[in-house]
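Enquirer: Sharing a model that was predicted from the sequence below.
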Amino acid sequence: MSNKVNKNVLRAGTITAGTALMLLMSSPAFALTRDDGDDPGPGLSVIETLGLYVALPIVLFLVIAGLVMVSDKPRKKASSKA
């Protein structure tokens, strides 16, 4: 193999190994161990989750878009006849 191919293989292996290591380090292996002061509240229902993460952003987008459209509405100019 040529030197350029070896460099590319080494680079790809390094990136793959680094990515795998980061994924392993961020895995929730200790998620069941509670930290001091950790007091999770009750979970959300499906309706609450959809409302909070789907409906609310859509409604906010529509309100903001409506306000922009209303404020950007072209104003009628009085035609001046001389």
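Expert: Right, received. Where do you want to start?

Enquirer: where's the residue nearest in space to the middle of the chain relative to residue 3, distance?
Expert: Taking CA atoms, centre = their mean, the centroid of the chain lies closest to residue 53, which sits 11.2 Å from it. Taking CB to CB, to the nearest Å as the measure, residue 53 falls 51 Å from residue 3. For every residue, glycine as well, the C-beta is placed using N, CA and C.

Enquirer: likewise residue 72?
Expert: Separation of residue 72 from residue 3 (CB to CB) stands at 60 Å.

Enquirer: repeat for residue 62
Expert: 58 Å.

Enquirer: Of those two, which one has the most company?
Expert: Remark: of residue 62 and residue 3, residue 62 carries more neighbours, 10 against 7, as counted by other CB atoms under 10 Å.

Enquirer: give me every residue that touches that one.
Expert: Residues in contact with residue 62 (CB atoms under 8 Å, 6 or more residues apart in numbering): none are found.

Enquirer: Helix or strand: which one has it?
Expert: helix 56-71 (DSSP states H and E).

Enquirer: same deal with residue 17?
Expert: Per DSSP H and E: helix 3-25 holds residue 17.

Enquirer: pLDDT averaged over that helix, what's the number?
Expert: For helix 3-25, mean pLDDT is 87.
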